[in-house]
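Colleague: Quick one, what's the 3D model for this:
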Amino acid sequence: MKTALITGANKSIGFETARQLAKKGYFVYLGSRDIKKGEEAVAQLKGEGLTQLEAVQIDVSNKESINAARHAISKKITSLDLLINNAGILGSLPQDPATTETAKIREVFDTNFFGTIDVTLAFLDLLRKSVQPVIVNVTSGLASLTNHSDPSWQYYAFKGASYGPSKTALNAYTIALAYELRDTFRINAVDPGYTATDFNQHHGHGSVEGAAEFLVKYATIGADGPTGKYFSRDAEGEVYPW
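Modeller: Below you'll find the model as predicted:
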């Protein structure tokens, strides 16, 4: 049985991704900053007849929490097949570049960028023991510098100092990590698209189910699958320019 860890999995896209992976036969660890909410999410899925699930407390902006989660999971499994770095924050609004203080920008980067790196490094040894390790870094269309330079892009005006740049940095890290581990890992930046969630006050046009299905598509690729790429549900042909 393949194993997966999803951060930020107690609700929304992360939760639905856990559901879909469990249906595909994965044993899924649902990472949640609030363990009670994580356990409630697991109970809901078990009520649907999905049994291969477990909640784990993990705050990706806290190294002690990450290491505790790594220790807890390593006592149960000897290898991890899939890591989905899904946890992220939008940060306080507005995020006008000329007025947003660096403390607010750092807060977003601590979760979306540095937190993802800390989680990845903590679980890399378990992933290396998988026959076919996969990492999905959940990104955003707002990370694309090419699109942000194109006035015809539909989200051209959606610019800010914190959220988008944190995901741009994450994309850069994804490229570098995918190259270093290119012989054994499949590592991609995947944007589930502009999805209606609590994250954006349900202003998105996509469904949570569709967004999760897109993540699962790239989370379950084979050893001959792509690596070091930037995929988006909102992109023509599913590939966004960096």
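
Colleague: Show me what the biggest helix by length in the chain is in contact with.
Modeller: Secondary structure assigned by DSSP state H gives helix 163-180 as the longest helix of the chain. Outside of helix 163-180, the residues within contact range by Cβ atoms under 8 Å, 6 or more residues apart in numbering are 88, 90-91, 95, 105, 108-109, 111-113, 116-117, 120, 135, 137, 139-140, 142-145, 148, 158, 185, 187-189, 227-228, 230, 242. For the C-beta atoms, the positions are set from N, CA and C on the backbone; glycine is no exception.

Colleague: in that helix, what's buried?
Modeller: Neighbour-count burial for helix 163-180 flags 163-171, 173-175, 177-178 (criterion: 16 or more other Cβ atoms under 10 Å).

Colleague: ok so, going back, narrow the contacts of helix 163-180 to those that are buried.
Modeller: Listed as buried from the contacts of helix 163-180 are 88, 90-91, 95, 105, 108-109, 111-113, 116-117, 120, 135, 137, 139-140, 142-144, 148, 185, 187-189, 227-228, 230; burial here means 16+ other Cβ under 10 Å.

Colleague: Can you flag which of those residues belong to helices?
Modeller: Judged by DSSP H, the subset of those located in helices is 105, 108-109, 116-117, 120, 148.

Colleague: Export those residues as TSV, with columns for distance to residue 22.
Modeller: Supplementary listing: these in TSV, determined by distance: Cβ to Cβ, whole Å:
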residue	distance to residue 22
105	36
108	30
109	31
116	23
117	27
120	22
148	36
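
Colleague: And those, which is closest to residue 15?
Modeller: Checking these against residue 15 with Cβ to Cβ, the nearest one is residue 116 at 18.6 Å.
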